[in-house]
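Got a sequence here, can you build the structure:
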Amino acid sequence: MRVLIAAELQPLLPSDPLPGYGVEWIPSQEPTPRGDYVAIIPLLSRPIGEGELDGLPNLRVLAQCAVGYDNIDLAAAARRGIPVTNTPDVLTESTADLAWTLILSVARRTKEAQEVLYQDSWTGWSPTQLLGLELNGSTLGIVGAGRIGQAVGRRAVGFGMAVLYSDSEGRPEFEEGVGASRRDLFALLAESDVVSVHVPSTNETRGLFDAVRFSSMKPGALFINTARGDLVDEEALREALDLGRLGGAGLDVFSREPDVPRGLVQHPKVVALPHIGSATTVTRRAMAELAVENAAAVLDGRPPVTPVEL
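So this is what the prediction gives:
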């Protein structure tokens, strides 16, 4: 019995992560092979749909090494009775830290400030040079108050920010813990100085942030996305920045990764990172280990630790 694991995970796992099974390591850019594999541990970059599953008649589990799973055709897996798992929780804190890295960088215009030094154009201290947003006393709007969204909100308290959130359901513990207030999306956009996005990519959320939403944001507000790139109409975002409707944007995700919209990435008001939200050694190792644990559980006839609802 063979198991297919993303080769990129090899440095994070033991040499034989699933004893008793023949493990094959495959780079994520290579096509999914056909065969008698009983488990696959993929990354987000590996699409798994009807065609791939047709070539895997013995597959018993798809143990995704990521919290997202929009690369997997869940309906196709469900029709075949193949459970899908993911790796939530273990990446919550590191991703929230990265969101705050972007918030601080955009608010204090660090990209523009670095360029002044890189171009050797600094003429000395000035009281009006590169003035940014004072976070203390400002309002953070969180779109999607799940694990990561709430972790971002908790950090806002230390910066003296008011917290709003928009979510499909109320979060009373979050409201009580940080004093957060729930708003519908358009009210949140109108009131927030910083908008941070933390919703999954679904049919309902793809393209959510379009020209209408950006024009509804508070003038000069900052837009932060560490969730999924396809939530955003990137042309509309660039236009909002060019016209000065938004004060800046911080992006860790893009709609067609690894291809990125150069005009947006190179925009002076944009701080862009190559999808490193969970990129700490501790977190990435924990993600890989949880993916293996999920695969082992299913192969042993036990319930997986973190199943995805199909």
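
Distance of the residue nearest in space to the middle of the chain relative to P57?
Nearest to the mean C-alpha position of the chain, by C-alpha atoms, centre = their mean, lies A227 at 3.0 Å. With distances taken as C-beta to C-beta, to the nearest Å, A227 is found 35 Å from P57. The way it works is simple: take the backbone N, C-alpha and C, and place the C-beta from them, glycine included.

again, but for P274
Going from P274 to P57 by C-beta to C-beta gives 36 Å.

K111 too?
51 Å.

Counting neighbours, go ahead and name the busier of those two.
K111 (17 against 11; other C-beta atoms under 10 Å).

would you say that one is within a helix?
Yes: checked against DSSP: H, G, I helix; E, B strand; the rest coil, K111 lies within a helix.

quick one: contacts for it?
S105, P268, V270, V271 (C-beta atoms under 8 Å, 6 or more residues apart in numbering).

And those, which of them are buried?
Neighbour-count burial (16 or more other C-beta atoms under 10 Å) is assigned, among the contacts of K111, to S105, V270, V271.

now, which of those residues sits nearest V23?
V271 (38.7 Å; C-beta to C-beta).

which outside residues touch stretch 291-299?
Under the contact criterion C-beta under 8 Å, 6+ apart, stretch 291-299 has outside partners 3, 5, 9, 13, 17-18, 21, 38-39, 41, 60-61, 63-65, 83, 85, 87, 303-307.

Can you flag the buried ones in the residues you listed?
Counted by 16+ other C-beta under 10 Å, the contacts of stretch 291-299 give 3, 5, 9, 13, 17-18, 21, 38-39, 41, 60-61, 63-65, 83, 85, 87, 304-307 as buried.

Among those, which are located in strands?
V3, I5, V38, A39, I41, V61, A63, T85 (DSSP state E).

tell me the SS of the residue lying closest to N136 once chain neighbours are set aside?
Spatial nearest neighbour of N136, excluding adjacent residues (C-beta to C-beta, 6 or more residues apart in numbering): G160 at 3.8 Å. Put simply, G160 is coil when judged by three-state DSSP.

Would you state the strands of the stretch 51-200 of the chain in chain order?
Using DSSP state E, counting those that start in this stretch, the strands found in the stretch 51-200 of the chain span residues 61-63, 84-85, 139-143, 162-166, 181-182, 194-197.

can you pull the contacts of V197?
Here V197 is in contact with V143, G144, F209, F223, I224, N225, T226, A227, L231, V232 (C-beta under 8 Å, 6+ apart).

again, but for A221
L189, S192, D193, V194, V195, L246, G247.

neighbours around the fourth one, how many?
This points to V194. Neighbour number of V194 under other C-beta under 10 Å is 28.

Thought K218 was touching it, still the case?
No: in this structure V194 lies outside contact range of K218 using C-beta atoms under 8 Å: 9.4 Å.

Which members of the buried ones among the contacts of K111 occur in helices, if any?
Members of the buried ones among the contacts of K111 lying in helices (criterion: DSSP state H): S105.

Same list (the buried ones among the contacts of K111) but as a markdown table, adding pLDDT.
Compiled in a markdown table, the buried ones among the contacts of K111 are given as follows (pLDDT from 0 to 100):
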| residue | pLDDT |
| --- | --- |
| S105 | 99 |
| V270 | 99 |
| V271 | 99 |
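
In a markdown table, list the buried ones among the contacts of K111 along with distance to V199.
Formatted as a markdown table, the buried ones among the contacts of K111 follow (distance: C-beta to C-beta, whole Å):
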| residue | distance to V199 |
| --- | --- |
| S105 | 22 |
| V270 | 21 |
| V271 | 21 |
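
for the buried ones among the contacts of K111, which one is nearest D259?
Closest to D259, out of all of the buried ones among the contacts of K111 and judged by C-beta to C-beta, is V270, at 16.2 Å.

secondary structure element for the nearest residue to the closest one once chain neighbours are set aside?
The shortest distance from V270 to any non-neighbouring residue, by C-beta to C-beta, 6+ apart, is to A249 (5.0 Å). If you go by DSSP states H and E, A249 is part of strand 246-251.

Average pLDDT for that strand, rounded please.
Averaged across strand 246-251, pLDDT comes to 99.

which helices and strands does that strand pack with?
With contacts taken as 3 or more C-beta pairs under 8 Å, 6 or more residues apart in numbering; DSSP states H and E, strand 246-251 sits against helix 92-107, strand 221-225, helix 234-242, helix 262-265, strand 270-272.

buried set for the third one?
Counting neighbours by 16+ other C-beta under 10 Å, one finds that the buried residues in helix 234-242 are E234, A236, L237, R238, A240, L241.

Next, the contact list for R46, please.
A6, S28, T32, N71.

is it true that the last one touches I48?
It stands for N71. Yes: between N71 and I48 there is a contact under C-beta under 8 Å: 6.4 Å.
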